[in-house]
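S.K.: Give the three-dimensional model of this entry:
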Amino acid sequence: MKTMKFPTSHKTQLMDISTEVKEAVITSGIKDGICVVFTPHTTASIFLFENQDKALRRDLLNGLNRIAPSDEEYLHVGENAAAHLKSSRMGNSIAIPVVNARPILGQWQGIFFGEFDGPRQAREVYIKVVAG
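M.R.: Residues are numbered from 1 along each chain as shown. Presented below is the predicted three-dimensional model:
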């Protein structure tokens, strides 16, 4: 299993981690199977998203802000309830088929890490490739 550790620089941001996941698949030595990408944070997400139009990333963050605005009054004791709600909406893991040592993605798909409670000094993503 590969562990990625990295800081984030904004309150909310989307980071394309497709290259790192592809490298983890190659270095795993597994030709055919499943790649699972997971983050253990309850205010961050892992998801598939369109990877060509960077403006669409801003559209997604704006849409999530309409669903769970940061300035809303929540029952949660902390000040990051909106981040928890956004993360739960987007999910914390994905599973991708691996064929011929390549993760199978659609033409416009990328693998993204979503930060909803940043900036943070240390975020983690786990990548596990399993033969199948």
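
S.K.: If you count contacts, what does the lengthiest strand in the chain end up packed against?
M.R.: Of all segments of type strand in the chain, defined using DSSP state E, the longest is strand 123-131. Helices and strands touching strand 123-131, by 3 or more Cβ pairs under 8 Å, 6 or more residues apart in numbering; DSSP states H and E, are strand 2-6, helix 18-28, strand 33-38, strand 109-115. Just so you know, the C-beta spots here come from the backbone N, C-alpha and C atoms, and that holds for glycine as well.

S.K.: Please repeat the previous calculation with a cut-off of 7 Å.
M.R.: strand 2-6, helix 18-28, strand 33-38 (3 or more Cβ pairs under 7 Å, 6 or more residues apart in numbering; DSSP states H and E).

S.K.: buried ones in that strand?
M.R.: 123, 125-129 (16 or more other Cβ atoms under 10 Å).

S.K.: these two touch, right, residue 111 and residue 23?
M.R.: No - checked against Cβ atoms under 7 Å, the pair residue 111 and residue 23 is beyond contact range at 11.8 Å.

S.K.: ok, the two, which is more surrounded?
M.R.: Counting neighbours by other Cβ atoms under 10 Å for residue 111 and for residue 23 shows that residue 111 has the greater number, 25 against 12.

S.K.: And the more buried one, how far from residue 81?
M.R.: For residue 111, the distance to residue 81 equals 27 Å [Cβ to Cβ, to the nearest Å].

S.K.: ditto for residue 109
M.R.: 30 Å.

S.K.: what's the top helix by length along the chain in contact with?
M.R.: What stands out as the longest helix in the chain, according to DSSP state H, is helix 54-67. Helix 54-67 is contacted from outside by 12, 14, 49-50, 86, 89, using Cβ atoms under 7 Å, 6 or more residues apart in numbering.

S.K.: let's go with 10 Å and repeat that
M.R.: Contact with helix 54-67 is made by 10-16, 45, 47, 49-51, 53, 71, 82-83, 85-87, 89-90, 108, 110, 112, 114-116, as judged by Cβ atoms under 10 Å, 6 or more residues apart in numbering.
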